[in-house]
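> turn this into a model:
(one chain, ligands or ions: 1)
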Amino acid sequence: MISDDRFMFHTFDNWLMHDDFTGNIISRNNIEQMQEQCKQRLENNVQLITADGSIDCVDAPDCQEEVVASLHFAEITTALSILADGGCFVVKMFTLFESSSVCQLFLLNCVFEEVHVFKPATSKRGNSEVYLVCIGYKKETQYLPELLQKMKENVECINILPLFPKSHLPTDFLLQHEICARLFMNLQIEAIESNIQAYEIKPTRRQVIYKQHLRTHTANEFYTRYKVSCIAEEDKILFSCPNTNENCKSKPFCKGSYSEREMAKETTMEERIFALHRTMNNLEKMLDLNYGMNFMKKAKFQVHQFQSFIFIVVLYLRNCLVAYLYIRL
Ligand SMILES: C[S@@+](CC[C@H](N)C(=O)[O-])C[C@H]1O[C@@H](n2cnc3c(N)ncnc32)[C@H](O)[C@@H]1O
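Next up, the predicted model:
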């Protein structure tokens, strides 16, 4: 499942990959095997479960909640099957608008003493991820074993249906859910708007320096407040592997904004080359104009030199493109 994770290769004995060797949690067999392993290795005394599962939604960001619904369902089913009485569960979720999410939230509220929805400072402001912190598992809740059995039977269903009809959800729960979903939605909107604003307004040098100081100061404050320190070299799992970051370089990189990527999908290579050709022509015209105007104004020599260079590069690229198009078409 994780193609390039050296951390995993060095800690392989701590991973459960199940009989099918997939590590896939959306599988009744795999959940039951995990339950069995916890019984054997940990004597069923699991006090904390964290679930950080997600699926790459970079090409369908608007469907993230639907796409991950079955994974969340499997994570909750597994956690509730394994966790010991009184235990805690932390699960990452995204937006909470879909009926499946509302029902999952309601179920967690029924079987834990406390459920908190958090967006930690370390989670990017512009994304929708939130963490549900569930404290004090009530394993003996009435009808829970029957419900868990049904959940396991349905874990592989492609479409996760809501666990309960809306009429079964108490009004005060629905009200609290709405307040919570709106709060995080508004925080995300605010963050995205301020990101767009920051992107559009070119900051002055002074502002850049101020932001750098602010970032350093915030990071230092975070390290001090939460007692974050470096892991000693000998305690690092990958301490013997130099250049742990090297792998990051081979990761696929998403170029352009979401709209640009979508547009690129819908146009052919030829259409994109023609569009580029058009842009080059416009750039050439613009540079030509600026060059002429600047010459008239007797602008500084360096500026002329630089513009001449860009002018020649654009001309050269344009000619390469034209030549390529003649050959191809
Ligand atoms: C955000 S990453 C988790 C990162 C992890 N917490 C860490 O610190 O390395 C989400 C993970 O969910 C896993 N995942 C997605 N679908 C899964 C599935 N059906 N069963 C098990 N894991 C799954 C992905 O392979 C991915 O590694």
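
> residues contacting the residue in the stretch 101-250 of the chain that the ligand sits nearest to?
Closest to the ligand within the stretch 101-250 of the chain is Glu129: 9.0 Å, counting by C-beta to the nearest ligand atom. Glycine gets a C-beta too; all of them are placed from N, C-alpha and C. Glu129 makes contacts with 54, 92-94, 119, 123, as judged by C-beta atoms under 8 Å, 6 or more residues apart in numbering.

> could those go into JSON lines alongside neighbour count, distance to Leu283 and pLDDT?
Below are the contacts of Glu129 laid out as JSON lines (neighbours: other C-beta atoms under 10 Å; distance: C-beta to C-beta, whole Å; pLDDT from 0 to 100):
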{"residue": "Ser54", "neighbour count": "15", "distance to Leu283": "40", "pLDDT": "93"}
{"residue": "Lys92", "neighbour count": "17", "distance to Leu283": "45", "pLDDT": "98"}
{"residue": "Met93", "neighbour count": "23", "distance to Leu283": "46", "pLDDT": "97"}
{"residue": "Phe94", "neighbour count": "23", "distance to Leu283": "41", "pLDDT": "96"}
{"residue": "Lys119", "neighbour count": "18", "distance to Leu283": "43", "pLDDT": "97"}
{"residue": "Ser123", "neighbour count": "14", "distance to Leu283": "40", "pLDDT": "94"}
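
> so which of those residues are also by the ligand?
Ser54 (C-beta under 6 Å from any ligand atom).

> closest to Ile76 among the contacts of Glu129?
Nearest to Ile76 among the contacts of Glu129 is Met93, at 9.9 Å by C-beta to C-beta.

> please report phi then psi for the closest one.
phi -130, psi 170 (degrees, to the nearest 10).

> any chance you could map the strands in the stretch 1-150 of the chain?
48-51, 88-93, 112-118, 130-137 (DSSP state E, counting those that start in this stretch).

> next, the buried residues of the last one.
So that's strand 130-137. 130-134, 137 (16 or more other C-beta atoms under 10 Å).

> can I get those residues in TSV with pLDDT?
Shown next, in TSV, are those (pLDDT from 0 to 100):
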residue	pLDDT
Val130	98
Tyr131	98
Leu132	98
Val133	98
Cys134	98
Tyr137	98
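
> quick one: which two of the contacts of Glu129 are the most distant?
It's Ser54 and Lys119 that sit farthest apart of the contacts of Glu129, by C-beta to C-beta, at 15.3 Å.

> as TSV, the contacts of Glu129 with distance to Cys103 would be great.
Putting these into TSV (distance: C-beta to C-beta, whole Å) gives the following:
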residue	distance to Cys103
Ser54	20
Lys92	18
Met93	13
Phe94	16
Lys119	22
Ser123	24
